[in-house]
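Enquirer: predicted structure and sequence below. I'll ask about it afterward.
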Amino acid sequence: MTGRRDVDEELRARLREAAGAHTPDRARILARVERGMTVRDRPGQHRPARPPLPGWVRVAGATAAVAGVLVAGGYAVASAVKDDAPTQRSVATSPGPREPVPRGPGSREGGSREGGPLWSRGAVDPHSNEFWAQSNITLRTSAPLTALTVELRVAQTGSVTSTGAWRSLPEGDFTFTVDERDGFLVYRWTLERGRTVPAGEWMFAGQYNHERGGRDAGGDGYSATATAASGRLSVEGGFTPRG
């Protein structure tokens with residue numbers, strides 16, 4: 001049994017070596033097959049008569065014969081060495097990182113992310129028109145405020161004049177002023193001493209005329225300072241266009 005196994009191993013080794021060194025001469029094999037087919041059709045041979053085959057059929061047959069020789073040879077070598085073929089493996093990949101989601105303009109947020117319970121947003125009121133506008137400041141607080149000052153600054157872009165102001169909190173709880181300062185129309189609300197702003201969402205709005213046409217609010221701004229049990233708070237921001 002040992003001798004038979006040694007013979008088999010030696011045969012496999014020689015077949016591997018021959019397969020690695022052998023390069024089939026395809027052109028030569030094709031010529032030999034073509035030549036054999038030509039001799040077979042020469043006159044004088046005692047064969048039954050038959051119509052000649054077209055040239056493309058003969059070439060195709062020769063090519064098929066060559067392919068058969070090459071495939072047979074490759075199969076014989078592969079059968080002898082198939083036990084040494086490597087095992088295929090698959091690799092899994094993980095997805096890439098996700099893109100962050102951007103935050104919208106005109107918003108400033110306090111609370112647990114910025115040291116206090118105060119959030120704010122500025123926007124031009126959608127009911128504004130080509131002669132008149134209203135700028136809205138929305139404040140949201142999750143805790144009562146014992147002090148609050150809100151300031152709205154409207155840039156003097158041409159013929160900007162105040163037509164009024166309002167807030168959603170009681171009028172008697174605030175002192176209100178409006179004047180022009182450093183190129184801005186300034187609205188200011190100050191909470192009266194001893195009054196409290198309860199937790200909730202509240203709005204402060206300033207109204208004004210301006211030159212005809214769409215007014216650019218890009219130079220406007222607001223700020224708010226407040227006091228809660230957790231300490232002093234502040235927010236500020238700009239204004240999103242009316243929409």
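Expert: Arrived safely. Numbering: from 1, shown residues only.

Enquirer: can you map out the helices along this structure?
Expert: 2-21, 26-40, 55-81 (DSSP state H).

Enquirer: residue 166 and residue 113: what is the separation?
Expert: Distance, residue 166 to residue 113, using C-beta to C-beta, to the nearest Å: 30 Å. All C-beta spots, glycine's among them, are computed from the backbone N, C-alpha and C.

Enquirer: of those two, who's got more company?
Expert: residue 166 (14 against 8; other C-beta atoms under 10 Å).

Enquirer: residue 161 - how many residues pack around it?
Expert: By the criterion of other C-beta under 10 Å, residue 161 has 11 neighbours.

Enquirer: thought it was touching residue 208?
Expert: Yes. Between residue 161 and residue 208 there is a contact under C-beta atoms under 8 Å: 6.1 Å.

Enquirer: shared neighbours of the two, anything?
Expert: residue 185 (C-beta atoms under 8 Å, 6 or more residues apart in numbering).

Enquirer: quick one, domains of the chain?
Expert: The record's domain split for the chain, according to automatic domain parsing, is 2-41+55-83, 107-237.

Enquirer: so what's residue 12 scoring on pLDDT?
Expert: pLDDT, the model's per-residue confidence, is 75 for residue 12.

Enquirer: let me redo that: residue 175
Expert: For residue 175, the predicted pLDDT is 98.

Enquirer: how close does it sit to residue 181?
Expert: From residue 175 to residue 181 the distance is 17 Å (C-beta to C-beta).

Enquirer: flag the shaky bits of this protein, pLDDT-wise.
Expert: Counting by pLDDT under 70, the chain shows low-confidence ranges at 1-8, 11, 15, 18-112, 114-116, 243.

Enquirer: ok, now with 80
Expert: 1-116, 241-243 (pLDDT under 80).

Enquirer: where exactly do the strands run in it?
Expert: 107-109, 118-124, 132-141, 147-155, 161-167, 174-181, 184-191, 200-209, 221-228, 231-237 (DSSP state E).

Enquirer: between the ones you listed, which one is closest to residue 17.
Expert: Set against residue 17 and scored by C-beta to C-beta, these come closest in strand 107-109, at 76.4 Å.

Enquirer: distance to residue 12 added to the strands of the chain, as a markdown table?
Expert: Compiled in a markdown table, the strands of the chain are given as follows (distance: least, C-beta to C-beta, whole Å):
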| stretch | distance to residue 12 |
| --- | --- |
| strand 107-109 | 75 |
| strand 118-124 | 79 |
| strand 132-141 | 82 |
| strand 147-155 | 90 |
| strand 161-167 | 95 |
| strand 174-181 | 98 |
| strand 184-191 | 94 |
| strand 200-209 | 85 |
| strand 221-228 | 86 |
| strand 231-237 | 81 |
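
Enquirer: of those, which is nearest residue 9?
Expert: strand 107-109 (77.6 Å).

Enquirer: so what's the nearest residue to residue 158 once chain neighbours are set aside up against?
Expert: Excluding the flanking residues, the one nearest residue 158 by C-beta to C-beta, 6 or more residues apart in numbering is residue 211, at 4.1 Å. If a contact means C-beta under 8 Å, 6+ apart, then residue 211 has 157, 158, 159 as its contacts.

Enquirer: which among those residues gets closest to residue 233?
Expert: Among those, and counting by C-beta to C-beta, the member closest to residue 233 is residue 157, at 30.7 Å.
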